[in-house]
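**Q** here is a sequence with its predicted model. Questions after.
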Amino acid sequence: MDKKFMLRAVDLALNGKGKVSPNPLVGSVIVKNGSIIGEGFHGFYGDSHAEINALNSCTESPKGGTLYCNLEPCSTSYPGKINPPCCEAIIKAEIKRVVIGQIDPNPMVSGAGINILKAAGIGVITGIELEECLKLNTGFNCVMLNNRPFVHLKWAQTLDGRIASKNGESKWITNLDCRIDSHLHRSNSDSILVGTKTLINDNPTLTTRYGFAPSPRPIILSKEITGTSNLEVCKNNPLYLNYSHNTNPPISKILEDIKKEGLNSVFVEGGASLITSFLNSNLWDRITVYTAPRILGEGLNSVGDLNILHPDSSITFSRTEIRIIDNHIIFNGWNKGSFLCLQD
């Protein structure tokens, strides 16, 4: 039963998708005598927390009930925190038991909420549906653990590793099903980043389509493209990062500036030079590669020079997944330093 109600909390948390960053997605369920009597979620940045909304929605007194929450309830106030601590409200409501998916990764509060609840005589269980709870907040967890947004690299290529023909044509290397799958990843990211050449050559909107929502915030890296540009992406409130003093800003600086905007994750769609820069910096967490059953021969490489001189020094992964969609290969690999692999 604990797993069932925790998965319900995870589903509720998704209602805040695209609206709560830099806060995490959080859902909460209150159960009494085996039945749900209250539900809530954190709806947008600055809104009441999920636990408070769940308590306020109760159809009967929550006294003696169990509260489920995908993330450890907050316990204290600290600089930048808007809402009061949820633990106080949980104790006041005389909740008997609290079931938590993930302990808060914020080093300022991690474990503190659990200790406060236990000290008040409340039974606490942690780690229920942990993997689902971790995946729910990839960006928030990465910011807390690595002090930077979660970085998801993606590209589409032919069997011989080309992302475009020798004259630059790239539409379409993969099929519609792969493009639909890619838009799911877009909708799971706070922001989306492409290189200047890709913007100029492809003029993408960088929105989500095929029924997925919300759209990530576009990020433009250029000293030349301005808000008066006729590019499609300029209609979608892009974030402009202007490094006119540095034609090749370090990836660490780019991620620092994205984090300052309250964006917890970034989906990087290319082109090759930008992907190569992220790989060279080792500042990435996940790679998704769509490989079509095509061979182009001469063309544009998916990845540039990584200064690797021996196969033993090549990039490897802590874990991988491979799927097949209509004869197209979809590869997913996670960096060895990715927080998603900490539970392995």
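**A** Arrived safely.

**Q** quick one: the closest residue to L14 other than its chain neighbours from G161, how far?
**A** Using Cβ to Cβ, 6 or more residues apart in numbering and skipping the chain neighbours, the partner closest in space to L14 is L25 (6.6 Å). For the C-beta atoms, the positions are set from N, CA and C on the backbone; glycine is no exception. Counting by Cβ to Cβ, to the nearest Å, the gap from L25 to G161 is 36 Å.

**Q** who's more crowded, the two?
**A** Of the pair L25 and G161, L25 is the one with more neighbours under other Cβ atoms under 10 Å, namely 26 against 16.

**Q** could you identify the helix or strand that succeeds the helix or strand hosting T198?
**A** Per DSSP states H and E: T198 is located in helix 196-202. Where DSSP H and E defines the elements, the next helix or strand beyond helix 196-202 is strand 217-221.

**Q** show me what that following strand is packed up against.
**A** strand 191-194, helix 196-202, strand 239-241 (3 or more Cβ pairs under 8 Å, 6 or more residues apart in numbering; DSSP states H and E).

**Q** pull up the pairing partners for the shortest one, direction included.
**A** In the sheet containing strand 239-241, its partner strands are strand 217-221 (parallel), by DSSP bridges.

**Q** which residues does the strand it pairs with contact?
**A** Residues outside strand 217-221 that contact it (Cβ atoms under 8 Å, 6 or more residues apart in numbering) are 190-193, 195-196, 199, 206, 233-234, 236-241, 243, 249, 254, 258, 261, 263, 266, 274.

**Q** buried subset of those residues as a ChimeraX selection?
**A** Entered in ChimeraX, the line below selects the buried ones among the contacts of strand 217-221, by 16 or more other Cβ atoms under 10 Å:
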select :190,191,192,193,195,196,199,206,233,234,238,241,249,254,258,261,263,266,274
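
**Q** sorry, back to before: export the helices and strands packed on strand 217-221 to CSV and tack on mean pLDDT and distance to T288?
**A** Shown next, in CSV, are the helices and strands packed on strand 217-221 (pLDDT from 0 to 100; distance: least, Cβ to Cβ, whole Å):
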stretch, mean pLDDT, distance to T288
strand 191-194, 92, 13
helix 196-202, 78, 16
strand 239-241, 87, 22
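
**Q** want to throw those into CSV with distance to N332?
**A** Formatted as CSV, the helices and strands packed on strand 217-221 follow (distance: least, Cβ to Cβ, whole Å):
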stretch, distance to N332
strand 191-194, 18
helix 196-202, 22
strand 239-241, 26
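
**Q** nearest to D2, of the ones you listed?
**A** Closest approach to D2 among the helices and strands packed on strand 217-221 is made by strand 191-194 (34.6 Å; Cβ to Cβ).

**Q** tell me how far that closest one is from the chain's mean position?
**A** 12 Å (Cα atoms, centre = their mean, to the nearest Å).

**Q** one more: stretch 288-297?
**A** Taking mean C-alpha positions (Cα atoms, centre = their mean), stretch 288-297 and its chain are 26 Å apart.

**Q** buried set for that stretch?
**A** 288-292, 296.

**Q** what does stretch 106-125 give?
**A** For stretch 106-125, the neighbour count (16+ other Cβ under 10 Å) marks 106, 109, 112-114, 116-117, 122, 124 as buried.

**Q** for it, what does the pLDDT average out to?
**A** The average pLDDT within stretch 106-125 is 94.

**Q** for that stretch, measure first residue to last.
**A** One end of stretch 106-125 sits 19 Å from the other (Cα to Cα, to the nearest Å).

**Q** now do it: distance to the chain's middle.
**A** On Cα atoms, centre = their mean, the centre of stretch 106-125 falls 26 Å from that of its chain.

**Q** list the contacts of S265.
**A** S265 neighbours (Cβ under 8 Å, 6+ apart): 138-139, 142, 149-152, 188-191.

**Q** tell me the spacing between it and N33.
**A** On the measure of Cβ to Cβ, S265 and N33 end up 39 Å apart.

**Q** same check on N332?
**A** Applying Cβ to Cβ to N332 and N33 gives a distance of 42 Å.

**Q** and G64, by the same measure?
**A** 9 Å.

**Q** for this protein, what helix or strand is lowest in average pLDDT?
**A** One helix or strand of the chain scores below all others by mean pLDDT, DSSP states H and E: helix 196-202, with a mean of 78.

**Q** list the contacts of that one.
**A** 168, 170-171, 204, 220-222, 224-225, 231, 233, 269-271, 273-274.

**Q** and the furthest pair within the residues you listed?
**A** Among the contacts of helix 196-202, K171 and E224 lie farthest apart (Cβ to Cβ), at 23.9 Å.

**Q** ok, back up a step: which one's more surrounded, N332 and N33?
**A** N332 (17 against 9).
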